[in-house]
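Peer 1: Whatever this is, show me its structure:
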Amino acid sequence: MLFLPSIHGRFPVGITTFVTPVRPAQSIGSVKLRNARHGQPENALYLEEVAFTVYYPTEKPTNLQQGVDWFIRPIKESLNGFASFLGISTWLLWPVVYLFGSLIKIPAYPNAPLLNPMESTTESEKPSSSSQWPLIIFSHGLGGSRTAYSQLCCHLAASGRVVLAVEHRDGTGTACIPQSWKVDGKRTSRTLLYLRENDIRWEDDDTVQQKPFALRVEQLAFRHQELYIAYSTFRHFVQNDPVEIDTIDGPPISIEGWTNVNSEGRPSINCDEDVILAGHSFGGCTMLSILSTPPAQGFGSIPVSKVVILDPWLEPLPSPGPTPFVRPEGPGMPPISTDVDYIQESLKSSLTDKLDSPHPRMLVINSETFTLWKDHFARLQEVVSGWEPHGGRILTLVGSVHTSFSDFPVMPIIRKKSARPLLETISTLSLAFLDDRLEETLVSEVSTTNMEIEVIGLKKDGKPKRKLIGNVGDVIVL
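Peer 2: Coordinates of the predicted model:
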């Protein structure tokens, strides 16, 4: 077996993947599959099941071997999905995927029992919030998956948090296998690979052509539904409420371990307050969209206290903005439409809302490449100023690239020397922010530097090629 780097934290990490049906199934947006196969819906964005992988603290099991598959199974579908995402032939990829990728394991325990927070061995290991594990909801970027950020998710889980990593089935992941849950209990499955522009068509091409990033806008609306369903289902599950939920991959789990209550009668996982949102690239865009719009129809607000945004891609969002949406307090909110156009209008109208109540604290960690993207970085600074008017919440890592936040650079055999230290710095900064000790960490645990840029040549288009001055892993605070 080929393992990703080991995770050093307070707790061993367990991994379990849950699925829940969407009843009735929903078609979102107007984008269609150009060549729908037999048994597939015509709508490209068809929500029939929501899946999420949970990373969580556990005890070292005596009856389980460490090692969770990194590539989504069946391996053939992962091969086809990566070929679609990269735009190359499967014949070029199959030796890599079958002879190398299929052996890669995440250093965690499949379907291990959730550790009871009251059974942590020392007071220093107990969670700080009423003896409950805090909840983090994570959203992946284009070409990502529920396992593509396992290193970061495992670091967060090993610190004493539960991370719910959504598998977005909107055509932005490499491959997934949605199921349709029938009334008689039977299920049928289909394969959804990464969606390219030539895989789709529009009902009204003239209208769509006038909208930039039309597919991404509809995928954002799809992701809204997935996130609210995943959060609501998991919350009801850990509170032992009746809910349709099942696990996939690995041995059966003990439901009781997830529904235990502490001495105060509260669930082991805190889903009712101080929830943390996190996401990379299009996942960061997703979380900004979630925080800037009303909840999806039929759902209450997610009680978010902090947000960790990694190299966010802002272009699918309306400009100027987005800015925090002020959520009304108390029950009885009117139902909110999940129409794609409505979500976009909500993002725009949020600019005029008065921020007369606290909003989530935000940390943005940028790669060098995204910080040197002038127009995009200027917009990012404008966006963050609406969340953090006192500044100091955008950090840039010298020598990092857009993929530095994922598992790809630390793959066995092909990993680069600087990849693991960069990923560990990202984890360190994220945890310091969540633990309210970021300023201390910037002084004592990481190397910081000023932002200085040098020109090192010309690009193919004749524009200057620039880089940040400093050592790889240095942190620039802006």
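Peer 1: Just the terminal-to-terminal distance for stretch 454-469.
Peer 2: Terminal residues of stretch 454-469 lie 7 Å apart, using C-alpha to C-alpha, to the nearest Å.
Peer 1: do the same with stretch 300-320
Peer 2: 26 Å.
Peer 1: average model confidence for it?
Peer 2: Across stretch 300-320, pLDDT averages out at 94.
Peer 1: buried sites along that stretch?
Peer 2: 302, 304, 306-314, 316-318 (16 or more other C-beta atoms under 10 Å). For glycine as for every other residue, the C-beta is placed from the backbone atoms N, C-alpha and C.
Peer 1: cool, stretch 423-436 as well?
Peer 2: 423-434.
Peer 1: Residues touching that stretch, excluding its own?
Peer 2: Residues outside stretch 423-436 that contact it (C-beta atoms under 8 Å, 6 or more residues apart in numbering): 134, 151-152, 155-156, 159, 161, 276, 278, 306, 308, 310, 361, 363, 365, 395, 397, 404-405, 409-410, 438, 440-442, 445-446, 473, 475.
Peer 1: hey, where'd the strands end up in the stretch 251-400 of the chain?
Peer 2: Applying DSSP state E, counting those that start in this stretch to the stretch 251-400 of the chain gives strands spanning 269-270, 275-280, 304-310, 361-367, 394-397.
Peer 1: what's the first one packed up against?
Peer 2: Counting contacts by 3 or more C-beta pairs under 8 Å, 6 or more residues apart in numbering; DSSP states H and E, the secondary-structure elements packed against strand 269-270 are strand 133-139.
Peer 1: between the buried residues of stretch 300-320, which is nearest A51?
Peer 2: I302 (18.4 Å; C-beta to C-beta).
Peer 1: Determine which two of the buried residues of stretch 300-320 are furthest apart.
Peer 2: Pairwise over the buried residues of stretch 300-320, using C-beta to C-beta, the maximum falls at K306 and P318, 24.2 Å.
Peer 1: picking up where we left off before, just the buried ones from the contacts of stretch 423-436, in ChimeraX syntax?
Peer 2: Buried members of these, defined by 16+ other C-beta under 10 Å, are picked up in ChimeraX with:
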select :134,151,152,155,156,159,161,276,278,306,308,310,361,363,365,395,397,404,405,409,410,438,441,442,446,473,475
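Peer 1: Can you pull up the most central residue in this structure?
Peer 2: S139 (1.7 Å; C-alpha atoms, centre = their mean).
Peer 1: Looking at strand pairing, list the partners for that residue.
Peer 2: V166, G279 (DSSP bridges).
Peer 1: wait, it sits on T286?
Peer 2: Yes - S139 lies in contact with T286 (C-beta atoms under 8 Å); the separation is 4.5 Å.
Peer 1: anything in contact with each of those two?
Peer 2: 223, 227, 279.
Peer 1: Would you tell me which one of those residues comes nearest to A165?
Peer 2: For those, the nearest to A165 is G279 (10.0 Å; C-beta to C-beta).
Peer 1: who touches that closest one in this structure?
Peer 2: 138-141, 285-287, 309-310, 312.
Peer 1: Looking at those residues, which is nearest V238?
Peer 2: F138 (17.1 Å).
Peer 1: List the contacts of that closest one.
Peer 2: F138 neighbours (C-beta under 8 Å, 6+ apart): 149, 153, 163-166, 278-279, 283.
Peer 1: Could I get the residues you listed in TSV, plus columns for distance to N116 and pLDDT?
Peer 2: Listed next are the contacts of F138 as TSV, based on distance: C-beta to C-beta, whole Å; pLDDT from 0 to 100:
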residue	distance to N116	pLDDT
Y149	26	98
C153	21	98
V163	18	98
L164	19	98
A165	22	98
V166	25	98
A278	25	98
G279	29	98
G283	30	98
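Peer 1: Work out the gap between stretch 463-478 and the centre of the chain.
Peer 2: A distance of 26 Å separates the centroid of the chain from that of stretch 463-478, by C-alpha atoms, centre = their mean, to the nearest Å.
Peer 1: which residues are contacting it?
Peer 2: 368, 371-372, 381, 391-392, 394-400, 418, 421-422, 425, 429, 442, 446-459.
Peer 1: just the buried members of the residues you listed?
Peer 2: Burial by neighbour count, 16+ other C-beta under 10 Å: within the contacts of stretch 463-478 this picks out 368, 371-372, 394-400, 422, 425, 429, 442, 446.
Peer 1: Which ones among the residues you listed map onto helices?
Peer 2: Those of the buried ones among the contacts of stretch 463-478 mapping onto helices are 368, 371, 422, 425, 429, 442, per DSSP state H.
Peer 1: Contacts only, for the first one.
Peer 2: Under the criterion of C-beta under 8 Å, 6+ apart, the neighbours of E368 are 396-401, 467-468.
Peer 1: so what secondary structure elements neighbour the helix of greatest length in the chain?
Peer 2: The residue-count maximum for a helix in the chain (DSSP H) belongs to helix 214-238. Packing partners of helix 214-238 (3+ C-beta pairs under 8 Å, 6+ apart): strand 13-27, strand 31-33, strand 46-57, strand 133-139, strand 162-167, helix 255-259, helix 282-291, helix 340-349.
Peer 1: possible to save those as JSON lines with distance to L215?
Peer 2: Putting the helices and strands packed on helix 214-238 into JSON lines (distance: least, C-beta to C-beta, whole Å) gives the following:
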{"stretch": "strand 13-27", "distance to L215": "15"}
{"stretch": "strand 31-33", "distance to L215": "6"}
{"stretch": "strand 46-57", "distance to L215": "14"}
{"stretch": "strand 133-139", "distance to L215": "17"}
{"stretch": "strand 162-167", "distance to L215": "19"}
{"stretch": "helix 255-259", "distance to L215": "36"}
{"stretch": "helix 282-291", "distance to L215": "11"}
{"stretch": "helix 340-349", "distance to L215": "11"}
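Peer 1: and stretch 93-100, C-alpha only, in PDB?
Peer 2: Taking Å, rounded to 0.1, in the frame of the first residue of the first chain, the C-alpha atoms of stretch 93-100 are listed here in PDB:
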ATOM      1  CA  LEU A  93      -4.000   7.700 -17.500                       C
ATOM      2  CA  TRP A  94      -4.800   4.100 -16.800                       C
ATOM      3  CA  PRO A  95      -1.300   2.900 -15.900                       C
ATOM      4  CA  VAL A  96      -1.100   5.700 -13.300                       C
ATOM      5  CA  VAL A  97      -4.500   5.100 -11.900                       C
ATOM      6  CA  TYR A  98      -4.500   1.300 -11.800                       C
ATOM      7  CA  LEU A  99      -0.800   0.700 -11.000                       C
ATOM      8  CA  PHE A 100      -0.300   3.600  -8.600                       C
END
